Every structure is written in structure tokens, then in C-alpha cells.
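> I'll drop the sequence and a predicted model, then ask my questions.
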Amino acid sequence: MLYPQQMYVLKRIILFLRRLIYLARSHPIESAFVVSVIIAALLPLRQPSIKGYPYLHLTEIKDDLQMCLVTRRPPDFKLCPLVARELSTFKHANININDSLLQEMPVKFKIQSGGRWFPKNCSSWQRVAVIVPYRNRENQLKVFLQHMHPFLQAQRLDYGIFVIEQSEKHSFNRGKLFNIGYLEASKEPDFCCFIFHDVDLLPESPQHIYGCSEEPRHMCSALDSFRYVLPYPELFGGVVAFTKEQFSNVNGFSNMYFGWGGEDDDLYERLCSKQIRVRRWAPEISRYTMLYHAKEIPNPTRHMLLRTSVQRLEVDGLSTLEYKILKTELKPLYTHILVDVKPR
Ligand code: BGC
């Protein structure tokens, strides 16, 4: 038996449902519209999907990593462990600037000028160049550096961080800055893996090893700002990892995308045209935090450029890259390269 108050609530609910049914019958089109709007509004709240795209499980990662031993190390050195124990404490990305930590970092973490480091008592699997395109994001760069150095060191990687800043002229060209960073870092021997990395993205999982895979890897497939759901299977933005061979095989990024968007989709097209598949690791380890920033202005010509992406592959990229270095400086936590992307 129901109490009178419960009966009252039940009656009100039945009445409300009857009214809804009546409304839906008398105004079917409007009702369908309202229902669609409600569903569309609720869609972003869905749980992260672990289906929808193929990925490698945690247990398969070790076999996926390519080994390119650094030649300057004695050959009998033992290989470094892939995931260091101390990383287990490294759970959440700190998004607040810690100025005193930044000051202490070169000494505390024994970072060499230019943002280089390598482990002293074991041999890294790969020598990795982290390439970061940059303009006017000073605070984000600080957070990025304070996060990445301990993260990369705990993985016992031999690494260098290169920040490629575009001079004030012209709108931002992310793809071209990556190409420039790749060529400049390649002037140093032994870098065999290149991680093309946005400054506003912080890896969350200690098991997400910053090394290169058998195939180019899309590293940030689970982003907090997308509720850790991959919005579309062809997404190839944010952070990607390429070996030298993989990157030169597709002639790098296109140089033609000025402004926001498209250059990463273009790179994906290049890979498809060469029948190269994109690799991803399990969503639980491919998680990233995005630092807040205002939305950029999209490049209006990106869709048009994308349509001819494959035709331009050989004549637009590393092979046709023109730029002028305005300044190179070995800063305590990174190598800073200021460039003019359109010297003529
Ligand atoms: C843009 C990409 C971007 C993606 C996700 C696409 O519309 O073309 O450059 O990575 O949206 O934000």
C-alpha cells in the first residue's frame, strides 16, 4: 500500500506523462525537435568509449616500441626499464605554475642546457626529440616544462625539448613549425624518435611511454576536453610520434596551413595515401589534460587545402621547406628556436 503523499506524487507523474503524450500527438514535429535537442545536449555526457577504434593493450606496448640505441653509449650497457617505479606516484597533472620548482629544476633534475637529459646508469631505448610549436603561451610553457621533465626522466628516456617559436609576422603555422623543429633537431646526431607536441597538453598516465612505435602513433587519443572520447577515428591532432623514416616517408607536414586546424587531418591523409596505419595505445594510458585557452580562429581555407592534400604530398612538406632562423638559444629547460616561417 502507498501512503497518501506517495499516491499524490504518483498521480502527478501520471498526469505529467499524459500531458507529454498529448503534446507529442498534437505537435509531432515540434516534439521530435525538442527530443533531438535534449539528446544532442546529453551526448557529451556519455561515458568514454573504449570501443570504436583499434588500439594496443598495455601488455602489447613493450613489443610495439622500436629500439634505436644511442651510439654514444657503450654497447654493453644494460637497457633501461620501460616504466620506472617512482612513476606510480605521478597520477595527476599539476596545472598550476610552480615558480620555485622551475628555478630549481636544472640542478634538481640535472638537466643540461638546451633541455637535454639522459640516464647515467642504463641505456635508453630511444633518443627522443620533443618538438613544441609556440607563440605567446608563456604560462602554458612553464606548466608544460615543469610537468614534462620529471615525466620523461622517470621513463629513463634520452631526450631533448625543442620549442619552435614563430615570429610575430603571419598567422600561426603549426605544421611548418613542426617541420622546422624536425630538421633543426635532426642536425644533432642520434635523435631517432620525434614527438610533435602541443604546449597545452599534459600526459596523465605514467605508463604512456614517450617513444616511437612500429607505425606513427596518435598519442593523445583520450583528451579530457573531449571527455576522454575520441571524437572521430581519423583525428590525428595534439601529440603524435614518428620515427625519422616514418616522417620523411610522408614528406612531413604540409607547410600551407596558416591559422587553426586542418594540418593534422592533412598529415593523416598523407599516411592513408601511403597505406600507413595509425597506431594508438589503450585509452586508459592515452589520457591527456588540456590547459585552458581561448578558442583560436579557424583557417577558412583548410577544407579546400585538405581536398588536394594527397596531390601536394611530394611538393609541399620537408622537401620544400623555407624558413629563416632568427635566434637559437640553449635555455636551461629547453632549446629555443625563433623562426620566420615566410622569409620571402
Ligand atoms: C580540425 C583539426 C583538429 C580537430 C579537433 C578538426 O576540425 O581540422 O585540426 O585537430 O578538429 O579539434
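Looks like it arrived, so ask away.
> give me the distance between the spatially closest residue to T335 that is not a sequence neighbour and F247.
Nearest non-adjacent residue to T335, counting by C-beta to C-beta, 6 or more residues apart in numbering: G114, 4.3 Å away. All C-beta atoms are positioned from the backbone trio N, CA, C, and that covers glycine. To F247, G114 is 21 Å away according to C-beta to C-beta, to the nearest Å.
> give me the pLDDT for T89.
pLDDT for T89: 49.
> looking at the stretch 201-344 of the chain, which residue is nearest the ligand?
For the stretch 201-344 of the chain, the residue closest to the ligand is G237, as judged by C-beta to the nearest ligand atom, at 3.0 Å.
> what about that residue, neighbour count?
The tally of other residues near G237 (other C-beta atoms under 10 Å) stands at 20.
> same question for Q153.
Count around Q153 with other C-beta under 10 Å applied: 19.
> close to the ligand: what parts of the chain are there?
With C-beta under 6 Å from any ligand atom as the criterion, the chain comes near the ligand at residues L235, G237, G261, G262, D264, D265, R302.
> list the residues that contact the fifth one.
Looking back up the chat, that one is D264. Going by C-beta atoms under 8 Å, 6 or more residues apart in numbering, D264 touches R174, G175, L235, F236, G237, G238, V240.
> turn the residues you listed into TSV, including pLDDT.
Formatted as TSV, those follow (pLDDT from 0 to 100):
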residue	pLDDT
R174	98
G175	98
L235	95
F236	96
G237	97
G238	97
V240	98
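> one step back: tell me the one of the residues of the chain next to the ligand nearest N94?
Within the residues of the chain next to the ligand, proximity to N94 (C-beta to C-beta) peaks at G237, which comes in at 23.6 Å.
> all strands of the protein, in order?
Assigned by DSSP state E, the chain shows strands spanning 116-117, 127-134, 158-166, 193-197, 201-203, 217-218, 222-223, 239-243, 287-290, 324-330, 335-340.
> can you pull the buried residues of the longest one?
Under the neighbour-count criterion of 16 or more other C-beta atoms under 10 Å, strand 158-166 has D158, Y159, G160, I161, F162, V163, I164, E165, Q166 buried.
> for it, packing partners?
strand 116-117, strand 127-134, helix 138-154, helix 174-186, strand 335-340 (3 or more C-beta pairs under 8 Å, 6 or more residues apart in numbering; DSSP states H and E).
> Throw these into TSV and include distance to C193, thanks.
Shown next, in TSV, are those (distance: least, C-beta to C-beta, whole Å):
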stretch	distance to C193
strand 116-117	15
strand 127-134	5
helix 138-154	12
helix 174-186	10
strand 335-340	16
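> check contacts around G160.
By C-beta under 8 Å, 6+ apart, the contact set of G160 is G114, G115, R116, W117, V128, A129, V130, A185, E188, F191, T335.
> now the buried members of those.
G114, G115, R116, W117, V128, A129, V130, A185, F191, T335.
> do I have it right that D198 meets P133?
Yes - at 7.5 Å, D198 and P133 qualify as touching, with contact defined as C-beta atoms under 8 Å.
> so which of the two has more stuff around it?
Ranked by neighbour count (other C-beta under 10 Å), D198 and P133 place P133 first, with 24 against 20.
> please pull out the lowest mean pLDDT helix or strand from this structure.
Least confident helix or strand of the chain, by mean pLDDT, DSSP states H and E, is helix 28-42 with a mean of 84.
> ok now it, how far from the chain's centre?
What separates the centre of helix 28-42 from the centre of its chain is 34 Å, taken as C-alpha atoms, centre = their mean, to the nearest Å.
> top of the residues of the chain next to the ligand by number of neighbours, please.
Within the residues of the chain next to the ligand, most neighbours by other C-beta under 10 Å means G262, with 24 neighbours.
> what's the nearest residue to that one if we skip its chain neighbours?
Per C-beta to C-beta, 6+ apart, closest to G262 is R302, 3.0 Å.
> what about stretch 42-62, start to end distance?
Stretch 42-62 has an end-to-end distance of 38 Å (C-alpha to C-alpha, to the nearest Å).
> which residues sit in contact with I209?
Listed by C-beta under 8 Å, 6+ apart, the contact set of I209 reads I61, L65, L82, V83, Q155.
> quick one: neighbours of the first one, just the number.
In this case it means I61. Using other C-beta under 10 Å, I61 has 19 neighbouring residues.
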